[in-house]
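> have a look at this prediction, sequence included:
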Amino acid sequence: MNSVALQSGHTLEVERAERLSDADLAELAEATDAAIIEGGGFGWVEPQGRAALERHFRGVLLVPERELFVARLDGHAVGSALLVRPPRNNEAQAFAATLTHAYIAPYARGFGLARRLVGKVEERAAALGHRVLNLDVRETQATAIALFESLGYVHWGTHPYYARVKGQTVAGRFYFKTLEPGRGRATGDLIDGAV
Ligand SMILES: CC(C)(COP(=O)(O)OP(=O)(O)OC[C@H]1O[C@@H](n2cnc3c(N)ncnc32)[C@H](O)[C@@H]1OP(=O)(O)O)[C@@H](O)C(=O)NCCC(=O)NCCS
């Protein structure tokens, strides 16, 4: 696990989680509900409570195509993100993966954890051989949009009827970023070129 100590004395860590302790589950549930209440809890609109969210995270760990990344501030789990790989039957899209469910609890924002979290997911996706990382985000999530665009994600389309949040229809922005796995042909040659 690589951790970074800030001048402020805080420590930042992001790791891929293959198991979660009871303390991790409780902290992730708290972080998720805090993000939902603030307005951006990866799809959830209403707080879910600890038991439901602990079941959610336990379930995520059981799904083979999903990898969970946990962000920690001073050792405590304060956010997470998922790398979703295509199912084995989807050979045609095996080159692409999706980054989803990224959030940091409001009490841990502004330290650079989301930037590290996204970087870690990209690194892992590239290491697994994926050439493209897709993501989508409600157009009301201005901080996330600023973050993804600063990291080089390309906005290729907007879905006008993407989500319904508290009685309002919200558009969603769709992005992709190409990745270089560091072996084989360069991604630009591979995806743009002929066979
Ligand atoms: C988007 C989110 C994950 C950012 O988390 P974070 O840990 O605070 O982000 P970071 O500290 O890594 O900052 C990354 C960038 O976000 C932007 N940013 C962070 N805080 C900001 C703020 N208060 N106002 C404007 N931009 C801000 C900056 O561009 C920053 O870039 P910098 O590193 O050059 O300063 C967090 O705000 C969040 O969970 N939002 C709700 C959920 C969501 O929108 N998820 C994404 C869709 S799935």
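Done, it's in. These figures come from a predicted structure and were not determined experimentally. Residues are numbered from 1 along each chain as shown.
> give the buried residues for the helix or strand where residue 14 lies.
For residue 14, the host element (DSSP states H and E) is strand 11-17. By neighbour count on 16 or more other C-beta atoms under 10 Å, the buried set for strand 11-17 is 12, 13, 14, 17. For the C-beta atoms, the positions are set from N, CA and C on the backbone; glycine is no exception.
> checking the nearest residue in space to residue 49 that is not next to it in sequence next. Helix, strand or coil?
Take residue 49 and drop its neighbours on the chain: the residue closest to it by C-beta to C-beta, 6 or more residues apart in numbering is residue 33, 7.1 Å away. Recorded secondary structure, residue 33: helix (DSSP: H, G, I helix; E, B strand; the rest coil).
> list the contacts for residue 33?
By C-beta atoms under 8 Å, 6 or more residues apart in numbering, the contact set of residue 33 is 41, 47, 48, 49, 50, 53.
> where does residue 147 land on pLDDT?
Note on residue 147: pLDDT of 98.
> helix, strand or coil for it?
helix.
> for the protein, spot the helix or strand the model is least confident about on average.
Lowest mean confidence among the helices and strands of the chain (mean pLDDT, DSSP states H and E): helix 187-192, at a mean of 84.
> any idea how far that one is from the chain center?
25 Å (C-alpha atoms, centre = their mean, to the nearest Å).
> show me what counts as buried in that helix.
So, applying 16+ other C-beta under 10 Å, buried residues of helix 187-192: residue 187.
> what does stretch 65-77 give?
66, 67, 68, 69, 70, 71, 72, 73, 76, 77.
> can you check stretch 52-63 too?
Buried residues in stretch 52-63 (16+ other C-beta under 10 Å): 53, 54, 56, 57, 60.
> circling back: restrict the strand holding residue 14 to CA atoms and write it as CSV.
Output of strand 11-17 as CSV, limited to C-alpha atoms (Å, rounded to 0.1, in the frame of the first residue of the first chain):
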residue,chain,number,x,y,z
THR,A,11,-2.0,10.7,5.3
LEU,A,12,-3.6,9.7,2.0
GLU,A,13,-3.9,6.2,0.7
VAL,A,14,-5.8,4.5,-2.1
GLU,A,15,-5.8,0.7,-2.4
ARG,A,16,-7.6,-2.0,-4.3
ALA,A,17,-9.6,-3.8,-1.7
